[in-house]
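Engineer: A predicted structure for the sequence below; I have some questions about it.
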Amino acid sequence: MKTFTIKTPGKLMVAGEFAVLEPNHHLLVMAVDRFVYTKFQACDNNVVTLKNFNLNNLEWKFTENRVEFSTSDSRLSFIRDAIATVLTYLKENEIFPEPFSLTVNSELDDVESGLKYGLGSSAAVVTSIINAILIKFLPEPPSRELIFKLAAISHIKTQGNGSGADIAASTYGGVINYTSFQAEWLNEELKRESSIVKLVEKNWTYLSIEQVSFPENLELFIGWTGTPASTGSLVSHIKTLKRTKPEWYHLFLENSDYAVDLILDGINQNNRKSFLDGIRKNRMTLSQIGEDAGVEIETEKLYKLSMVAEQFDGAGKLSGAGGGDCGIAFIPSDKASKDLYKKWKEMNIKPLDIKLCPTGSTIITSE
């Protein structure tokens with residue numbers, strides 16, 4: 001198998017945003033049918049092409065567990081750390097790959113404007129690259145856990161923070177009930193443990209990944225507000241609140257847990273009402289923490305998106321950190337209607353033809 005292509009889904013958060021950054025607090029995340037494609041080819045030299053950035057045939061070398069590109073460009077940072085992490089893992093297993101070419105193409109952002117929808121592009125790219133290299137050079141297909149852990153290590157090396165929920169969605173697909181490994185814990189482990197293999201084989205104390213399914217007879221609608229959000233900025237405001245008003249922050253965590261528990265009850269019992277009640281509760285909880293922190297998490301458009309969902313006996317909320325990006329709405333199947341999209345358009349909210357993707361990162365072509 002000299003040439004093959006990996007198809008890796010993006011993600012949308014469903015419920016539990018911000019709370020997931022604390023140990024043992026649950027978040028629901030779903031994989032969506034917008035993808036990153038990574039083409040692997042045997043090659044005379046190690047090269048990477050990033051089509052979305054017009055970065056073509058960039059040569060790189062791997063020395064002393066680091067990847068160095070022939071050019072310096074900050075947009076290569078996630079790719080650099082992904083390749084270095086997986087090649088270090090292979091080296092520790094005494095696997096030394098022949099040169100290869102990777103061509104990465106993402107359809108996760110808006111084609112016309114290039115603006116981000118908030119579908120987790122860096123996580124999907126990292127997951128896709130790591131899966132491709134593992135599939136090619138390991139003697140047997142990699143486990144989902146291995147792909148996830150290497151991608152999480154790589155992402156934390158680059159970014160220093162994050163929950164890893166987007167990586168879980170890209171790796172496993174479907175809907176996931178998730179608790180984070182905790183970025184601080186993983187950063188400490190990376191300082192303490194020099195072996196990637198040993199770190200992967202460790203029990204990641206706080207991590208849990210459980211695939212679940214939405215209740216039956218619900219339709220999912222997704223709308224984009226037209227404004228990209230700065231997740232890092234919003235998270236920093238919430239962290240400031242945690243420090244200055246700890247009682248407000250702990251109330252937020254309690255309310256988030258209550259909402260997510262309602263949603264999980266709805267999932268486990270196929271109870272549509274409980275599920276929708278939980279979505280509404282989580283929306284109000286996120287709106288309140290934004291007010292408490294003095295930052296607009298639920299924008300006017302995200303509020304209106306959710307209120308339209310209520311008109312169809314459903315429930316809506318922001319997806320992710322808020323402040324823009326996408327909102328999601330769940331509508332009972334017997335009430336679901338294209339009229340919802342019509343109302344969104346009147347509010348300058350762009351309906352997105354995006355659905356749940358049941359599968360994670362996988363091969364689609366090979367020769």
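Structural biologist: Yes, it's here.
Engineer: tell me who's in contact with Ala183.
Structural biologist: For Ala183, the contact set (Cβ atoms under 8 Å, 6 or more residues apart in numbering) comprises Leu21, Ile156, Gly160, Asn161, Gly162, Ser163, Gly164. From N, CA and C alone the C-beta is placed, and that goes for glycine too.
Engineer: swap the cut-off to 6 Å and go again
Structural biologist: Shown in contact with Ala183 (Cβ atoms under 6 Å, 6 or more residues apart in numbering): Ile156, Asn161, Gly162.
Engineer: can you check Ser121 too?
Structural biologist: So Ser121 contacts Ser106, Leu108 (Cβ under 6 Å, 6+ apart).
Engineer: and it, what pLDDT?
Structural biologist: Ser121 is assigned 87 on the pLDDT scale.
Engineer: next, give phi and psi for it.
Structural biologist: phi -60, psi -40 (degrees, to the nearest 10).
Engineer: from Asp313, how far off is it?
Structural biologist: Distance of Ser121 to Asp313, given as Cβ to Cβ, to the nearest Å: 34 Å.
Engineer: quick revisit: just the buried ones among the contacts of Ala183, please.
Structural biologist: Ile156, Gly162 (16 or more other Cβ atoms under 10 Å).
Engineer: reformat the contacts of Ala183 as CSV; add pLDDT and secondary structure.
Structural biologist: Shown next, in CSV, are the contacts of Ala183 (pLDDT from 0 to 100; DSSP: H, G, I helix; E, B strand; the rest coil):
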residue, pLDDT, secondary structure
Ile156, 96, helix
Asn161, 92, coil
Gly162, 92, coil
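Engineer: want to throw the contacts of Ala183 into CSV with distance to Val67?
Structural biologist: What follows is the contacts of Ala183, written out as CSV (distance: Cβ to Cβ, whole Å):
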residue, distance to Val67
Ile156, 16
Asn161, 22
Gly162, 21
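Engineer: all strands of the stretch 201-350 of the chain, in order?
Structural biologist: For the stretch 201-350 of the chain, the strands defined by DSSP state E, counting those that start in this stretch occupy 208-212, 218-224, 315-318, 326-332, 350-352.
Engineer: Ser128: which of the ones you listed is closest?
Structural biologist: In terms of Cβ to Cβ, the element of these nearest to Ser128 is strand 208-212, at 18.2 Å.
Engineer: which residues touch that closest one?
Structural biologist: For strand 208-212, using Cβ under 6 Å, 6+ apart, the contacting residues are Ala168, Gly174, Val175, Ile176, Asn177, Tyr178, Thr179, Ile267.
Engineer: surely Asp110 is within a helix?
Structural biologist: No - assigned with DSSP: H, G, I helix; E, B strand; the rest coil, Asp110 falls outside any helix and is coil.
Engineer: now for it, how many residues are close by?
Structural biologist: Neighbourhood size, Asp110 [other Cβ atoms under 10 Å]: 14.
Engineer: and it, what's its pLDDT?
Structural biologist: Reading off the confidence values, Asp110 has pLDDT 73.
Engineer: and for it, nearest residue in space, chain neighbours not counted?
Structural biologist: Distances taken as Cβ to Cβ, 6 or more residues apart in numbering place Tyr117 nearest to Asp110, at 6.3 Å, with adjacent residues excluded.
Engineer: the one you found and Ala123, how far apart?
Structural biologist: 13 Å.
Engineer: quickly list what the residue nearest to Asn268 when sequence neighbours are not counted is bridged to.
Structural biologist: Closest residue to Asn268 apart from its sequence neighbours, by Cβ to Cβ, 6+ apart: Val212 at 7.8 Å. Beta-bridge partners of Val212, counted by DSSP bridges, are Val175.
Engineer: and Val212, what pLDDT?
Structural biologist: 98.
Engineer: for the residue lying farthest from the centre of the chain, grab phi and psi.
Structural biologist: In the chain, the greatest distance from the average C-alpha position (Cα atoms, centre = their mean) is reached by Asp44, at 33.6 Å. As for Asp44, its main-chain torsions (degrees, to the nearest 10) stand at phi -70, psi -30.
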